[in-house]
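Q: next one to model:
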Amino acid sequence: MMNQQLVLASRPTGAPSVDNFALREVPLAEPAEGQVVVRHHFLSLDPYMRGRMSDAKSYAAPQPLGEVMIGGTAGEVVASRAAGFAVGDRVVGMGGWQTHFVGEPARGMWRKVDTTRVPLSAYLGPVGMPGVTAWYGLERIIAPKAGQTVVVSSAAGAVGSVVGQLAKRRGARAVGIAGGPAKCAYVVDELGFDACVDYKAHADVRALATALKAACPAGIDGDFENVGGVILDAVLARMNPFGRIAMCGMIAGYDGVPIPLAAPQLILTSRLRVEGFIVSEHPEAWPPALAELGAAVADGTLRYREAIADGLAAAPAAFLAMLRGDQLGKHLVRLA
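A: Model prediction:
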């Protein structure tokens, strides 16, 4: 049996392309003592992967060239010589861009999951890293009080869509920022946000800030920032004193374009708390986050969408589509 793999063949200069990846097949190894073989059913596509493709200094080491691309996966144990894992177990971990994982469970950070009420794919989205990221930034950094206003950029994406819904559960007012009328309609009509600003309809920072003023008449108390650039500049202009900004992502700068702040003095004059975070560095938050998120998905009160591509060969193009924001919700590749 063969294991199909996608490796990083070259580092992008500017925007990435499918040519930065290479598909290969290698024989599927037998598990050694203490190892498992996991057949991946789903591969997660996430914005952080773009940063790993670069060799610029960052919070994590660059993805090595010629090695299987890093990525979260969900699948089934098909062979096991490791204690605590049996054939048929459904698991979620970091198996990479390949059809199978062979190795020690700890190396893949595998954890067993219950799929009786939560679909396997959801453990890569709202009940996985994106959901916990949303929970941590909102709960531990923004910490909204009932009646306060929380703004979320990239509100139709895998993380932003959860942030707004969690904010509503806490009695806050949720305002999204998204690109295009279809995304804004999804954010308000399906996810239940109070309002959504279409950044594509506003040509500059001043116009976007004016739209935010209309959507947030009482100002902004918390910002969950996924984009940066002109969107962050517009949000800063509307922040209330002592507001909190959870810095989760800077999509505007993923291709190496500088994204300086237009008015950094607002951080001081409004006495803002601005905190960047990486959710993997906060293991203590995962159990309470997953408990809330899992229960909400199971009872249908947390809504989400999935954009699914089929087959490992489709992963590079689907990854680029995710970076462009072509579709709503969580981006996945179905492998089985």
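
Q: check the gap between Ala218 and Pro316 for me.
A: 44 Å (C-beta to C-beta, to the nearest Å). Yep, even glycine has a C-beta here, placed from its N, CA and C like the rest.

Q: the two - which one has more neighbours?
A: Pro316 (23 against 10; other C-beta atoms under 10 Å).

Q: helix, strand or coil for the more buried one?
A: Using DSSP: H, G, I helix; E, B strand; the rest coil, the structure places Pro316 in helix.

Q: same check, this time on the one 3 residues further on
A: For Phe319, the secondary structure call by three-state DSSP comes out as helix.

Q: endpoints of stretch 152-164, how far apart?
A: Stretch 152-164 has an end-to-end distance of 7 Å (C-alpha to C-alpha, to the nearest Å).

Q: OK, contacts around Pro181?
A: Asp198 (C-beta atoms under 8 Å, 6 or more residues apart in numbering).

Q: ok, the one 3 residues further on next?
A: Residues in contact with Cys184, defined by C-beta under 8 Å, 6+ apart, are 156, 176, 178, 196-198.

Q: Gln327 is in contact with Ala309, isn't it?
A: No: contact criterion C-beta atoms under 8 Å: Gln327 and Ala309 do not qualify, at 9.7 Å.

Q: am I right that Met53 is in contact with Ser10?
A: No: using C-beta under 8 Å, Met53 makes no contact with Ser10, being 9.1 Å away.

Q: these two: which has the busier surroundings?
A: Between Met53 and Ser10, counting by other C-beta under 10 Å, Met53 is the more crowded of the two (21 against 14).

Q: about what we covered before: what touches both of Met53 and Ser10?
A: Taking C-beta under 8 Å, 6+ apart as the contact rule, Met53 and Ser10 both touch Asn20.

Q: nearest residue to Leu166 other than its sequence neighbours?
A: Residue nearest to Leu166 in three dimensions, not counting chain neighbours: Leu138, with 5.2 Å by C-beta to C-beta, 6 or more residues apart in numbering.

Q: that neighbour in helix, strand or coil?
A: Criterion first, three-state DSSP; result for Leu138: helix.

Q: is it true that it touches Val132?
A: No: assessed by C-beta under 8 Å, Leu138 is found out of contact with Val132, at 10.8 Å.

Q: so these two - more neighbours on which side?
A: Between Leu138 and Val132, counted using other C-beta under 10 Å, Leu138 has the larger neighbour count: 28 against 24.

Q: how far away is Val333 from Leu312?
A: 7 Å.

Q: find the residues that touch each one of the two.
A: Joint contacts of Val333 and Leu312 (C-beta under 8 Å, 6+ apart) are Leu43.

Q: higher neighbour count, these two?
A: More crowded of Val333 and Leu312, by other C-beta under 10 Å: Val333, with 26 against 19.

Q: got the contact list for the nearest residue to Gly103 once chain neighbours are set aside?
A: Once flanking residues are discounted, Gly103 sits nearest to Gln35: 5.6 Å by C-beta to C-beta, 6+ apart. Applying C-beta under 8 Å, 6+ apart to Gln35 gives the contacts 80-82, 102-105.
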